[in-house]
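Enquirer: generate coordinates for the sequence data below:
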Amino acid sequence: MNTTGVNGVALTVLIVLFAIVAVMGFMASRWRRPTSMESLDEWGLGGRSFGTWVTWFLLGGDLYTAYTFVAVPAAMFGAGAVSGFFAVPYTIILYPIIFIFMSRLWSVSHRHGYVTPTDFVSGRHGSRSLSLAIAITGFVATMPYIALQLVGIQAVLEVAGVGGSGNVLAADLPLFVAFLVLALYTYTSGLRAPALIAFVKDILIYLVIIVAVIYLPSKFGGWENIFNAAEKKMTTPNPTTGKVPGAFIPSPAQYWSYASLALGSAMALFMYPHSITATLSARSRNTIRRNAAILPAYSFVLGLLALLGWVAIAAGTKPIGLDGKANPQLVIPQLFEDSFPAWFAGVAFAAIAIGALVPAAIMSIAAANTFTRNIYREWIKPDATPKQEAQVSKLASLVVKAFALIFVLTMDKQNAINLQLLGGIWILQTFPSIVFSLYTRWFHRWALLAGWAVGIVYGTVKAYGVSSATTEHFGGSLAAVEGWGQLGYIALTAFALNVVVALVMTLVLRAVKAPEGTDQTIPADYFADEGDPRVTPMAATPAESTPSP
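Expert: Below you'll find the predicted structure:
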């Protein structure tokens, strides 16, 4: 632990690498420069022109965030496999799922000029109320995710010896600078900035993790000693409470918790607007499928990263913040500072900090696109031009990032974590409206809305009743499954209720012949590829272009 103040060498390396990627972010506006950036296609989706490798780095930078780098090993360090290692199988489950449906979403979005998943829901079902519900869910669920990226930067700065305590201005100034750089290059370069920076971010993360996994076990007695130390910690009861701190290997009673967390998280991840934004920027549907095949390489690295949490146990790492309190979120930055030369610790810090910039940029762009397309244009200014949409989206991206910064600076970090867990519960409730609708219109639009509402209300109430050692409400995402008693992922239980309500309500609404709304798509739209002519919702007849409420 750094007890002497600022780690000058590590901080210098961090600043230099951060400055390099900041310059790259501003230069990205000239990368594959279009005639004009004044449209959401260009500013918000990079011209829909990214090939396999750019998309791979972009999606990797988007899905494997700075908070992943910090939180997954922190969970392994503090609570063991159920809370931490489930992230590895869930990303393995994820890619076959997106291989199946994401190419269809890309195709129909390509044909109709859809920028957000809510655009598709609106075009498919012709329901303003359903599309508004999906838009608000995506927007709200993304906000705490952006805040958590800034929490990741804070963790690095705190271990490096700046931020976290003392003079408020001095403590928060580095985070303000990082926010300002992020805001400016996102405003000028749009999605091209994180796409370009993702190359540097991913290379640094691969380098840091591979070096750590090769070097650290030899330093701390080998993997056998590391696993023995982790098992001892996770199975030794706390002398005060009498409870074990976590799970070394999930017990039979924890199987459903582990499995439901993995499955539910896999289903939820590509419902987030930022995941779909990165996907829609691809050049072709085959680009999506190729990425689904090669993205598991990140899952391998994630598994190695998770094990570093147990390496920190064997190393005796003490993640103590500048305020003198234990903070497991600091465990990986602290492990690197304790175990490596200062210059390499700086490289690791830079990997985490830069790892925050890429997803934060994509998330803010996705949230801004959702606001612009599905709230501003749909409800405030239906005749907005592409240039006006781009301008509103740029401004909205600044507001979104400012909100995330204020949230991080004024609220306890645990609140950001709790809200992100709640956001995962919410976002899974959009799955039926988006994924089911890619294959069928059998579900009635009002039934999908009713199912969404039931899932949201149940998930929120259930999560409110979960307490933890640090908070009375929203303390986790596991709760007893109704009628079974086993602990399971609240989002998956809420999703099951969502689907049941949608099924029953569809049967009722079809029986009474409730109006179904207009579908702007045709079957061929779901197989369109690069070079196929595009249509847009604006090309529909006047009666079709105004969805029913």
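Enquirer: okay, CA-based contacts and neighbour counts for the rest of this
Expert: Will do.
Enquirer: model confidence over the helix or strand hosting Ala19, on average?
Expert: According to DSSP states H and E, Ala19 maps onto helix 8-27. Averaged over helix 8-27, pLDDT sits at 87.
Enquirer: and the pLDDT at Leu507?
Expert: 97.
Enquirer: what about it, neighbour count?
Expert: Neighbour count of Leu507, defined by other CA atoms under 10 Å: 15.
Enquirer: check the one 10 residues further on too.
Expert: Look at Gly517: counted by other CA under 10 Å, it has 21 neighbours.
Enquirer: looking at the spatially closest residue to it that is not a sequence neighbour now. What's its pLDDT?
Expert: Distances taken as CA to CA, 6 or more residues apart in numbering put Gly126 closest to Gly517, at 4.8 Å, once the chain neighbours are dropped. Looking at Gly126, its pLDDT stands at 92.
Enquirer: surely Gly126 touches Thr518?
Expert: Yes - counting by CA atoms under 8 Å, Gly126 does reach Thr518; the two are 4.9 Å apart.
Enquirer: looking at these two, which is more packed in?
Expert: Gly126 (23 against 18).
Enquirer: ok, Gly459 touching Ala491?
Expert: Yes - here Gly459 reaches Ala491: they are 6.2 Å apart, a contact under CA under 8 Å.
Enquirer: find residues that contact each of the two.
Expert: Ile425, Trp426 (CA atoms under 8 Å, 6 or more residues apart in numbering).
Enquirer: higher neighbour count, these two?
Expert: The residue with more neighbours, out of Gly459 and Ala491, is Ala491; 34 against 25, by other CA under 10 Å.
Enquirer: now do the contacts for the closest residue to the more buried one other than its chain neighbours.
Expert: Leaving aside its sequence neighbours, Ala491 sits nearest to Ile425 (CA to CA, 6+ apart; 4.2 Å). By CA under 8 Å, 6+ apart, the contact list for Ile425 reads Ile456, Gly459, Thr460, Ser477, Ile490, Ala491, Leu492, Ala494.
Enquirer: next one: the helix holding Ala19 to chain centre, how far?
Expert: 24 Å (CA atoms, centre = their mean, to the nearest Å).
Enquirer: just the buried residues of it, please?
Expert: Buried residues in helix 8-27, defined by neighbour count with 16 or more other CA atoms under 10 Å: 9-15, 17-18, 21-22, 24-27.
Enquirer: likewise for stretch 502-512?
Expert: Ala502, Leu503, Met505, Thr506, Leu509.
Enquirer: which of those sits closest to Ala278?
Expert: Ala502 (29.2 Å; CA to CA).
Enquirer: right, and that closest one touches Phe436 too?
Expert: No - using CA under 8 Å, Ala502 makes no contact with Phe436, being 11.1 Å away.
Enquirer: for the stretch 201-350 of the chain, what are the low-confidence residue spans?
Expert: Applying pLDDT under 70 to the stretch 201-350 of the chain picks out residues 322-323.
Enquirer: try it again with 80
Expert: Applying pLDDT under 80 to the stretch 201-350 of the chain flags residues 238-242, 321-326.
Enquirer: doesn't Arg520 belong to a helix?
Expert: Quick fix: residue 520 reads Gln, not Arg. No - Gln520 is assigned coil when assessed by DSSP: H, G, I helix; E, B strand; the rest coil, not a helix.
Enquirer: leaving out chain neighbours, which residue sits closest to it?
Expert: Counting by CA to CA, 6+ apart, the residue nearest Gln520 is Gly123, at 5.2 Å.
Enquirer: please apply the same query to Ala384.
Expert: Arg377 (6.2 Å).
Enquirer: could you measure from the one you found over to Val392?
Expert: Separation of Arg377 from Val392 (CA to CA, to the nearest Å): 10 Å.
Enquirer: could you do Arg373 as well?
Expert: 10 Å.
Enquirer: helix or strand for Thr55, which one?
Expert: Using DSSP H and E, Thr55 sits in helix 52-63.
Enquirer: helix or strand for the closest residue to Phe349 other than its chain neighbours, which one?
Expert: Nearest non-adjacent residue to Phe349, counting by CA to CA, 6+ apart: Val156, 5.7 Å away. Here Val156 is covered by helix 128-160, with elements defined by DSSP H and E.
Enquirer: in that helix, what's buried?
Expert: Those would be 128-160, for helix 128-160 by 16+ other CA under 10 Å.
Enquirer: please apply the same query to stretch 300-319.
Expert: So, applying 16+ other CA under 10 Å, buried residues of stretch 300-319: 301-315, 317-319.
Enquirer: contacting residues for Ala230?
Expert: Applying CA under 8 Å, 6+ apart, the residues near Ala230 are Phe77, Phe248, Trp310, Ile313, Ala314.
Enquirer: farthest-separated two in these?
Expert: Counting by CA to CA, the most remote pair of the contacts of Ala230 is Phe248 and Ala314, 13.8 Å apart.
Enquirer: the more surrounded of Arg373 and Val392?
Expert: Shown here are Arg373 and Val392; by other CA under 10 Å, Arg373 has more neighbours (25 against 20).
Enquirer: I'd say the more buried one and Gln388 touch.
Expert: No - contact criterion CA under 8 Å: Arg373 and Gln388 do not qualify, at 10.8 Å.
Enquirer: from Ala367, how far off is Lys401?
Expert: From Lys401 to Ala367 the distance is 10 Å (CA to CA).
Enquirer: so how far is stretch 333-342 off the chain centroid?
Expert: Going by CA atoms, centre = their mean, where stretch 333-342 is centred and where its chain is centred differ by 27 Å.
Enquirer: buried sites along it?
Expert: In stretch 333-342, counting by 16+ other CA under 10 Å, buried: Pro333, Gln334, Leu335, Phe336, Glu337, Asp338, Ser339, Ala342.
Enquirer: what's the answer for stretch 390-409, then?
Expert: 390-394, 396-398, 400-405, 407-409.
Enquirer: what's the answer for stretch 425-441, then?
Expert: Under 16+ other CA under 10 Å, the buried positions of stretch 425-441 are 425-435, 437-438.
Enquirer: before we move on, the earlier item: in helices only, show me the buried residues of stretch 333-342.
Expert: Among the buried residues of stretch 333-342, the residues falling in helices (DSSP state H) are Pro333, Gln334, Leu335, Phe336, Glu337, Asp338, Ser339, Ala342.
Enquirer: export these to JSON lines and tack on distance to Ala353?
Expert: Output for those, formatted as JSON lines (distance: CA to CA, whole Å):
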{"residue": "Pro333", "distance to Ala353": "11"}
{"residue": "Gln334", "distance to Ala353": "14"}
{"residue": "Leu335", "distance to Ala353": "16"}
{"residue": "Phe336", "distance to Ala353": "14"}
{"residue": "Glu337", "distance to Ala353": "15"}
{"residue": "Asp338", "distance to Ala353": "18"}
{"residue": "Ser339", "distance to Ala353": "19"}
{"residue": "Ala342", "distance to Ala353": "16"}
